[in-house]
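Asks: Dropping the sequence and predicted coords here.
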Amino acid sequence: MLNAKKMLDTEKARLIETLRTNSFLTRCRAGQVSLDELKYFLVQQGHYSAFFTRYLCALMANLPSNVEVFELAENLFEELGFSGSDETPHYLIYRKMLSDFGLSLDQNEPTSATRNLIDTMFAHCRNPQPSIGLAALCLGAEALVPAIYSDLITGFEAHNVDKAAIWFFHLHVACDDGHAETIENILVEMIEKDSAQMNHIIETGQALVAARSAFFDAIERKFQVEQADAVA
């Protein structure tokens, strides 16, 4: 019998490990990324995450039934601040973080790699085959967040940045595992009904991790060029 959950968990762990070998995240864990580079990341990440509710809406439009829509709606409600609690909408928390660092999305245009990450996520979320959109949001985003953001937190802590200033990352390390699990449970049901879906899911995860790795590379490359110019 196909153990869909075990296969998904194995693939998720492999993708996380693959992404964490990226030089930018490796340097974050080692405390070697400059604060200016981290600030530049915040702006580029802001461009990507500004579309998050639209990624989610595009995906929800292709789900097979209202059951799956309702399961994902909790994530959407949290982002928009409609979860029934007094929690501040996540996009406002991110906006405040940018402001606290003296940043805004107008400060830098999205790089070509940032635009590619946005386009890649949108293309997969809009795919009429719902398992592809679900895989993009799960294996290509939510499941990666706790590991990525933990590395980023380490990078900021190396510069003695206060926890409150990067609360957005701490919040998502805690909550996105639950979001990933919700989506993963839907994917498991789809794989159990049609095992061929697994290949599409794996390919989607790999495509999103590749786009995200290129996104980090572009940030790192900008600062390598600037350092080289400064030396010259």
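Replies: Alright, I've got the coordinates. What you see is a predicted model, and the numbers here were worked out from it, not measured in a lab.

Asks: could I have stretch 113-121 exported to PDB, CA atoms only?
Replies: Provided in PDB are the C-alpha atoms of stretch 113-121 (Å, rounded to 0.1, in the frame of the first residue of the first chain):
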ATOM      1  CA  ALA A 113      14.800  36.500  -9.600                       C
ATOM      2  CA  THR A 114      12.200  37.900  -7.300                       C
ATOM      3  CA  ARG A 115       9.800  38.400 -10.200                       C
ATOM      4  CA  ASN A 116      10.500  34.900 -11.400                       C
ATOM      5  CA  LEU A 117       9.700  33.500  -7.900                       C
ATOM      6  CA  ILE A 118       6.400  35.400  -8.000                       C
ATOM      7  CA  ASP A 119       5.600  34.200 -11.500                       C
ATOM      8  CA  THR A 120       6.500  30.600 -10.700                       C
ATOM      9  CA  MET A 121       4.300  30.500  -7.600                       C
END
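
Asks: how about that stretch: buried residues?
Replies: For stretch 113-121, burial by neighbour count (16 or more other CB atoms under 10 Å) applies to 113-114, 116-118, 120-121. From N, CA and C alone the C-beta is placed, and that goes for glycine too.

Asks: Does residue 169 touch residue 149 like I think?
Replies: Yes. Counting by CB atoms under 8 Å, residue 169 touches residue 149, with 4.3 Å between them.

Asks: okay, these two: which has more neighbours?
Replies: More crowded of residue 169 and residue 149, by other CB atoms under 10 Å: residue 169, with 24 against 19.

Asks: Could you check which helix or strand contains that one?
Replies: Using DSSP states H and E, residue 169 sits in helix 167-193.

Asks: what angle sits between the next helix or strand after that helix and helix 167-193?
Replies: Once the chain leaves helix 167-193, the next helix or strand it forms, by DSSP H and E, is helix 197-231. Helix 197-231 runs at 150 degrees relative to helix 167-193, counting by axes from the mean of the first three to the mean of the last three CA atoms, to 10 degrees.

Asks: Can you mark which positions in helix 197-231 are buried?
Replies: Buried positions in helix 197-231, judged by neighbour count with 16+ other CB under 10 Å: 197-198, 200-202, 204-216, 218-220, 223.

Asks: From residue 65, how far out is the closest residue to residue 100 other than its chain neighbours?
Replies: Among residues not flanking residue 100 along the chain, residue 165 sits closest, at 5.4 Å (CB to CB, 6 or more residues apart in numbering). The spacing between residue 165 and residue 65, counted by CB to CB, to the nearest Å, is 42 Å.

Asks: more crowded one of the two?
Replies: Counted by other CB under 10 Å, residue 165 and residue 65 do not tie: residue 165 has more neighbours, with 13 against 8.
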